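Asks: This is the structure alone, sequence omitted:
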């Protein structure tokens with residue numbers, strides 16, 4: 001993951017993108033996400049997907065710095081999540097851009113799918129809580145308890161959580177997320 005962030009770091013200066021904030025958010029998201037799944041195999045994919053879930057931001061900020069800055073300003077001004085303004089402005093969001101890149105790199109489908117749909121897990125016909133759900137929930141919680149850099153972010157998709165039988169776990173997950181922020185040893189562990 002460090003290599004991924006380093007690849008893009010030299011071209012981010014003019015976009016207003018904060019590499020440090022993005023890395024902190026990715027690590028917090030991964031720490032929360034891997035605690036939401038039970039199997040070791042799922043924990044590995046979930047950890048990778050959570051670390052890389054916003055890699056599309058890096059692509060936009062490094063390759064289109066002016067548009068990235070304009071999208072950030074428009075999202076704040078409109079009170080909309082950045083990914084919605086990305087789709088409005090670019091015709092595609094950072095999730096799809098990141099998923100495309102990760103697919104080219106040959107990452108597992110579960111990772112690519114979680115990155116692509118982390119803002120809208122309900123768009124995928126899943127009926128059990130898996131990597132996609134864990135990354136979605138962890139991303140929202142990391143924004144709530146940490147500094148993800150977005151003033152407005154997508155709330156948890158409660159219809160999806162009800163469909164996968166996890167809507168009742170939100171309070172417990174919020175407590176877990178708070179623990180990940182306040183206890184440095186509660187952060188991500190290598191699966």
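Replies: Perfect, I can see it now. This one's a predicted model, so the numbers in the text were calculated from it and none came from an experiment.
Asks: shaky segments in this protein?
Replies: 1-15, 147-151, 183-191 (pLDDT under 70).
Asks: center of the protein - which residue?
Replies: residue 53 (3.9 Å; Cα atoms, centre = their mean).
Asks: Show me the helices in this structure, by range?
Replies: Ranges of helices in the chain, per DSSP state H, are 2-9, 19-36, 40-52, 55-63, 65-78, 82-90, 94-104, 109-117, 131-145, 158-163, 170-182.
Asks: So for the longest one, what gets flagged as buried?
Replies: Think helix 19-36. Within helix 19-36, the residues that qualify as buried by neighbour count (16 or more other Cβ atoms under 10 Å) are 22, 24-36. In this view, the C-beta of every residue, glycine as well, is placed from N, C-alpha and C.
Asks: Hmm, residue 166 is touching residue 130, no?
Replies: No - contact criterion Cβ atoms under 8 Å: residue 166 and residue 130 do not qualify, at 10.6 Å.
Asks: Contact partners for residue 174?
Replies: Counting by Cβ atoms under 8 Å, 6 or more residues apart in numbering, residue 174 makes contact with 141, 144-145.
Asks: how about those residues in a markdown table, adding distance to residue 99 and neighbour count?
Replies: Below are the contacts of residue 174 laid out as a markdown table (distance: Cβ to Cβ, whole Å; neighbours: other Cβ atoms under 10 Å):
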| residue | distance to residue 99 | neighbour count |
| --- | --- | --- |
| 141 | 21 | 25 |
| 144 | 24 | 15 |
| 145 | 25 | 18 |
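Asks: That's all I had, so thanks and see you.
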